[in-house]
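> Sequence and computational prediction follow.
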Amino acid sequence: MNYEAILNEIKDKINIVDYIGQFTELKKRGNLYQGKCVLHNDKDTPSLTVYDETQSFYCFGCKAGGGVIDFVKEYYNFDFNEAVEFLAEKAGIQLTHIDLSVYRKKKAKVQQNQAQLEASKEAMIKKANFGKEYLKLRGFTERTVNDFELGYDDKNNSIVIPIHDGMGKVVGFSNRFLDEGVEPKYKNSRNDEIFNKGELLYNLHRGRKHLTDTLYVVEGYFDVMSLWQSGFLSSVGIMKDVLTEQQAKIIAKLCKGKEYKAGKTIVLIPDNDSTGMKSVEKNKKLLLDEEPTLDIRVAIPEHPYKDVNDILKAEGEEGVKRLLERTVYADYFILKYLLNEQKTVEKEYLVAKEYITQNVYNEMVAEDLIKYLAERWSKTVLQVREYLEISKGKTKGKMPHNTFIEKQVLGILLEHPGKIDEVADVLIPDLFYDKQNRFIYEIILNQYQKTGEVSQVHLYLELQKRESIDKIQNLFTELTSNAPPPSEIHKGVGILKDLYLKRKLYKAVEQIGDLVTENEEASVDSIASQAQELIFQATDINTNQKTIYDINELLANRLEEYVKRKEGLTPRGLQTGFMSLDSLTNGFKNKHLIVLAAATSTGKTAFSLNIVRNVIKRNIPVAFISLEMSAEEIMDRLIIQELMIDNQRYERGELGDKEFSDFVQNLNLLYNLPLRISDERGINVSQIRARLRRMKAQMGGLGLVVIDYLQTIAIPENSANQTTARAVGEIVLQLRNLAAELDTPIILLSQINRSYSQRQDKRPQVSDLRESGNIEEFADMIIFLYRHAKTSLQAFEEAKAEGRENEVEIIVAKNRTGKTGTTTLIFDDRYLRYIDPLGESLEKTAPR
């Protein structure tokens, strides 16, 4: 497909002002258009700006922006390829990868369906008195009937339910017959070139637009309508009781988490019958096979109601809302159902153990299930946990392991040797705690690597050589007869990896104990540093990191990123929020070390905090390591910047009544923003690493790290024989490696040497850093701040006379992957704010 030609044609044929104007009223102001944003709840203050000249948009409320493709992606929850195909269809552009004859046939079929839909809607208005009464009895309002474009077929006395694809095209119908005795009650369109029920989700084109936190998945058409009418707009129907793989793929793609953002919750709402109850376990498995991190819950209509529509008929919309207040974890629902099917408590014991050990991988969910089982069986929590072999608070000498899972993994590999290729780079022999299991895996792995197959005869002969293994035949039967489906291999390996890391941590704790008791002369700082390193080494296993990529996945990803860069819609790295700087640097790249240097009292910390504020307000997690200022001082500065209150009066406690009132009312603007601060002084790089790893785990990722500042980082005790410059250079190198390890940009603040003051031109230069180690060699980017008015009294008077006393030059002196140059910001001492004239002029265009 010639993407560039298609994208250019879309841009030529679809004007972004006209397109977005279909969804919200845009008012022209000068060279731009403004209105309320439809991508978020923009009730009070219109915040959307659309630029006709650049064919782009930006919302100052939800921070969404880009071109028309980006708008379509955000509005419809499309991926890049879906958005391109959708807009191409709107613009009448023939996609070159689609056969022309097939394309024409599909288009004709859609047009035929649309005409049929309009006719059935007209019939609903003129002929369907009985149909309207039927829908009213089902609890539906006239608005719901119109929203779902329900029609009527007088030839067979049926309600016509149009079925759309994910982009809103009518691809088929379902007829609900109204005459008594007609079976089946529903009849769907036959599968053809545009309709395949197993590849569609009913109401997807509407539901995806409203998807924020939760996707509701039901069986039937009327159940979807009932949820919609009750205010649960992000609802879809699977049009049967069990998901297909294709439907599961669609749901998983919609609901999986993205960078720095948690995934959506999926609520399954099956019919309250035997088929519906059994479907939950199958549907959960299909979804987790696609995306293991999905949060899946269940809400079940209670007797005497079979489905959501029954509730709507009997209890109205409030009844539906009450149903969805009673969601439970899918594992809890499935286990309870399985136990209720058993005739004796002894069988319950076996079923519970099998289900939890094979299917429950979240320890918190397991704990909840243990409490439920203890109550159900009138046992203690400890008794249930010991029976299930799930330990909490490991007793001394008992290393974390699960031989049952180890044998399951071996069983899968024996039955399906091809799975070895999928896990061999992760499943190292040490992940097996049981020596016998580890030995079996080593034989399997060695044989597969040599021959490409696994021979059970060869394994049997190898095991015979070990006299310590008894009843080998029974062992083979145990491994293969209890092997779960091959799709479970990755979950099993994940459990073994976690247990392996816990064993390493256990040993690290023992070593730390030895450090404390056997090194009486060692300082606490020295022991703490070594302890941090031991903990780091214990958890330093990169089996979760993806290192092999599919070419199609990479091509789609790189194309989308390039299109954005080409259109000038996004930088290549993290945006600082200062447009002139971002334009110069293309943003801060992940894995890069950015040195921000200046003379004393120039405003390095203030500038870094301005960047932090801009970043966390986009919900990107930030860690701030302060080795000079306290966390309270840093927070005060952020408050002053955000609320724009006079920093001197704030420090003295002399805010006026209005200022204090604004302070109290607006403080919540900073609540819940993703920021962690460490303010301990005198720590070294190992301790910094440990803190950042912990912060990353707490926040689910890191988008930016700031370290304030280089010269206050403690030099390790073993550096006594090095020069200070050499030791500092080692620190900088370690921090650059840390940036790569954390996969995030690190801003490292640094002082510059005082020798700059001897020059006539006092602008900092890279040479001003040389005596502080090899900073210029190891840094990926070096940025200097230069404030001419701060260099001398004479310079201040000159700058003041010219109205430039608050100008700060931002000098990009080194940029490993981009341009160097200088831009100018304005520093407002009163509010400790840096102001970008370019950004300010753009922000002034936003409606208030």
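Arrived safely.
> Could you pull up the mean pLDDT of stretch 208-220?
Average pLDDT, stretch 208-220: 93.
> Quick check: end-to-end length of that stretch?
17 Å (Cα to Cα, to the nearest Å).
> what's that stretch in contact with?
Residues outside stretch 208-220 that contact it (Cβ atoms under 8 Å, 6 or more residues apart in numbering) are 75-78, 166, 207, 224, 227, 232-241, 243, 251, 254-255, 264-271, 276, 283, 307-309, 324. (C-beta placed from N, C-alpha, C; glycine too.)
> I'd like to know which of the residues you listed are buried.
75-78, 166, 207, 224, 227, 232-239, 241, 243, 251, 254-255, 264, 266-271, 276, 283, 307-309, 324 (16 or more other Cβ atoms under 10 Å).
> Among those residues, which lie within helices?
75-76, 207, 224, 227, 251, 254-255, 276, 283, 308-309, 324 (DSSP state H).
> what pLDDT does the residue lying closest to residue 724 once chain neighbours are set aside get?
Once flanking residues are discounted, residue 724 sits nearest to residue 715: 7.4 Å by Cβ to Cβ, 6 or more residues apart in numbering. Residue 715 carries a pLDDT score of 79 in this model.
> again with residue 4
The model's pLDDT for residue 4 equals 66.
> got the buried residues for whichever strand or helix holds residue 500?
Assigned by DSSP states H and E, residue 500 belongs to helix 489-518. Neighbour-count burial for helix 489-518, counted by 16+ other Cβ under 10 Å, picks out 489-497, 499-504, 506, 508, 512, 515.
> what's that helix packed up against?
With contacts taken as 3 or more Cβ pairs under 8 Å, 6 or more residues apart in numbering; DSSP states H and E, helix 489-518 sits against helix 403-415, helix 420-423, helix 524-538.
> Show me where the stretch 101-250 of the chain has its strands.
151-153, 158-164, 170-177, 186-188, 214-218, 235-237 (DSSP state E, counting those that start in this stretch).
> Can you redo these as CSV, where the extra columns are distance to residue 133?
CSV is the format used below for those (distance: least, Cβ to Cβ, whole Å):
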stretch, distance to residue 133
strand 151-153, 12
strand 158-164, 11
strand 170-177, 14
strand 186-188, 19
strand 214-218, 24
strand 235-237, 24
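> between the ones you listed, which one is nearest to residue 672?
strand 214-218 (19.4 Å; Cβ to Cβ).
> Pull up the pairing partners for that closest one, direction included.
Applying DSSP bridges, strand 214-218 is found paired with strand 235-237 (parallel), strand 265-269 (parallel).
> And for the last one, what's in contact with it?
By that I understand strand 265-269. 213-219, 223, 227, 251, 255, 280, 283-284, 287, 294-301, 307-308, 323-324, 327, 330.
> mind pulling up the phi and psi values for residue 220?
phi -110, psi 170 (degrees, to the nearest 10).
> I'd like to know how many residues surround it.
Using other Cβ atoms under 10 Å, the number of residues around residue 220 comes to 22.
> what do you get for residue 650?
Residue 650: 19 neighbours (other Cβ under 10 Å).
> got it, and the one 10 residues further on?
Residue 660 is surrounded by 15 other residues when neighbours are defined as other Cβ under 10 Å.
> secondary structure class for it?
Residue 660 carries the three-state label helix when classified by DSSP: H, G, I helix; E, B strand; the rest coil.
> gap between it and residue 667?
11 Å (Cβ to Cβ, to the nearest Å).
> Just to check, residue 699 is in contact with residue 674?
Yes: taking contacts as Cβ atoms under 8 Å, residue 699 lies within contact range of residue 674: 5.4 Å.
> among the contacts of strand 265-269, which ones are buried?
Going by neighbour count (16+ other Cβ under 10 Å), these have 214-219, 223, 227, 251, 255, 280, 283-284, 287, 294-301, 307-308, 323-324, 327, 330 buried.
> so where's the stretch 301-450 of the chain uncertain?
361, 390-398, 425, 449 (pLDDT under 70).
> switch to 50 and redo it
391-397 (pLDDT under 50).
> What are the boundaries of the helices in it?
Ranges of helices in the stretch 301-450 of the chain, per DSSP state H, counting those that start in this stretch, are 308-324, 330-340, 345-359, 363-377, 381-388, 403-415, 420-423, 435-451.
> chain center to the fourth one: distance?
In other words, helix 363-377. Distance of helix 363-377 from the chain centroid (Cα atoms, centre = their mean, to the nearest Å) equals 29 Å.
> so where is this protein shaky, pLDDT-wise?
Using pLDDT under 50, the chain drops low at 1, 391-397, 468, 542-548, 842, 845-848.
> Surely residue 531 and residue 512 touch.
Yes: the criterion here is Cβ under 8 Å, and residue 531 meets it with residue 512 at 4.6 Å.
> hang on, the earlier thing: can you tell which of the strands of the stretch 101-250 of the chain is closest to residue 836?
strand 214-218 (38.3 Å).
> so who does residue 379 touch?
Residue 379 neighbours (Cβ under 8 Å, 6+ apart): residue 373.
> at 10 Å what do you get?
349, 370, 373, 385-387 (Cβ atoms under 10 Å, 6 or more residues apart in numbering).
> Kindly indicate which of those lies nearest residue 655.
residue 370 (52.9 Å).
> thinking again about what came up before, is it possible to export the helices and strands packed on helix 489-518 to TSV including mean neighbour count and distance to residue 477?
Shown next, in TSV, are the helices and strands packed on helix 489-518 (neighbours: other Cβ atoms under 10 Å; distance: least, Cβ to Cβ, whole Å):
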stretch	mean neighbour count	distance to residue 477
helix 403-415	21	10
helix 420-423	16	21
helix 524-538	17	37
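> quick one: which of those helices is nearest residue 708?
Evaluated with Cβ to Cβ, the helices and strands packed on helix 489-518 place helix 524-538 nearest to residue 708, the distance being 20.1 Å.
> right, and residue 407 touches residue 478 too?
Yes: Residue 407 is within contact range of residue 478, at 6.7 Å (criterion: Cβ atoms under 10 Å).
> how far away is the closest residue to residue 195 other than its chain neighbours from residue 533?
Excluding the flanking residues, the one nearest residue 195 by Cβ to Cβ, 6+ apart is residue 172, at 3.7 Å. As judged by Cβ to Cβ, residue 172 and residue 533 stand 62 Å apart.
> Also residue 628?
From residue 628 over to residue 533 (counting by Cβ to Cβ), the distance is 25 Å.
> backbone phi and psi for residue 791, please?
According to degrees, to the nearest 10, residue 791 has phi -80, psi -30.
> Next, count neighbours for it.
Each residue near residue 791 was counted by other Cβ under 10 Å, and the total is 18.
> For the closest residue to it other than its chain neighbours, what are phi and psi?
Leaving aside its sequence neighbours, residue 791 sits nearest to residue 762 (Cβ to Cβ, 6+ apart; 4.9 Å). According to degrees, to the nearest 10, the main-chain angles of residue 762 amount to phi -90, psi 10.
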